[in-house]
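Student: okay, here's the prediction I keep looking at, along with the sequence it came from:
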Amino acid sequence: MTQHAGIRLTFEIDKVSHLKHGDVSLVLDRTYLYSAHKTLGVEYKVMLGDTEAGVLNALINDDAAINPEEGNIGLTLHREHLNKGIPTKAARALCGLFKHFGQNEYIITFDKEDGSIHQTCLELSGKYLDTLPATTGKSKIRYVMSCEY
């Protein structure tokens with residue numbers, strides 16, 4: 001069930017405008033269409049308490065062949081918020097978004113050298129999917145993450 005951005009998705013996104021796990025909240029900042037596939041993209045501010053800790057982007061799509069190097073989520077944290085367990089909490093909070101649109105799994109794609117995201121995948125019992133060959137300089141590892149925890 002590959003879902004492309006459409007009227008239902010656009011209106012439904014308001015129902016998942018604020019997601020939370022522990023002390024990490026995701027607050028909807030904007031929506032957009034991504035790539036030629038017009039995949040619905042959602043950008044959240046990542047909040048640690050009352051402080052903005054970074055930005056999280058999610059693509060609502062359950063077809064691994066579409067945008068394979070991006071996966072479903074991308075997370076950028078401000079330097080002062082590294083090593084606080086935010087990626088794991090944000091990934092758990094994000095399950096609310098994917099479940100809302102009928103996805104019980106999502107894919108995390110990361111550079112092979114990114115140990116912190118790899119650790120998050122292991123902490124959340126992600127299943128190794130594959131390693132994409134380097135096309136732009138870095139190999140990418142992909143894990144399938146379940147929202148059934």
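Tutor: Cool, the structure landed.

Student: who's in contact with Met145?
Tutor: Contact partners of Met145, counting by Cβ atoms under 8 Å, 6 or more residues apart in numbering, are Ala91, Glu105, Tyr106, Ile107, Ile108, Cys121, Leu124, Gly126. Placement of C-beta: from N, CA and C, glycine included.

Student: hmm, which helix or strand of the protein has the shakiest average pLDDT?
Tutor: Lowest by mean pLDDT, DSSP states H and E among the helices and strands of the chain is helix 7-12, with a mean of 53.

Student: need the nearest residue in space to the most centrally placed residue in the chain, chain neighbours excluded.
Tutor: In the chain, the residue lying closest to the centroid (Cα atoms, centre = their mean) is Ile73, at 2.4 Å. With Cβ to Cβ, 6 or more residues apart in numbering as the measure, Ala58 is the residue that lies nearest to Ile73, at 5.0 Å, once sequence neighbours are left out.

Student: CA atoms of the strand or helix carrying that neighbour as PDB?
Tutor: In this assignment (DSSP states H and E), Ala58 forms part of strand 51-60. What follows is strand 51-60 as a C-alpha-only set of coordinates in PDB (Å, rounded to 0.1, in the frame of the first residue of the first chain):
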ATOM      1  CA  THR A  51      14.000  23.400  24.300                       C
ATOM      2  CA  GLU A  52      14.300  22.800  20.600                       C
ATOM      3  CA  ALA A  53      16.800  20.100  20.100                       C
ATOM      4  CA  GLY A  54      16.700  19.500  16.400                       C
ATOM      5  CA  VAL A  55      14.600  18.700  13.300                       C
ATOM      6  CA  LEU A  56      13.100  15.400  12.200                       C
ATOM      7  CA  ASN A  57      11.800  14.700   8.700                       C
ATOM      8  CA  ALA A  58       9.600  11.800   7.900                       C
ATOM      9  CA  LEU A  59       8.400  10.400   4.500                       C
ATOM     10  CA  ILE A  60       5.000   8.600   4.600                       C
END
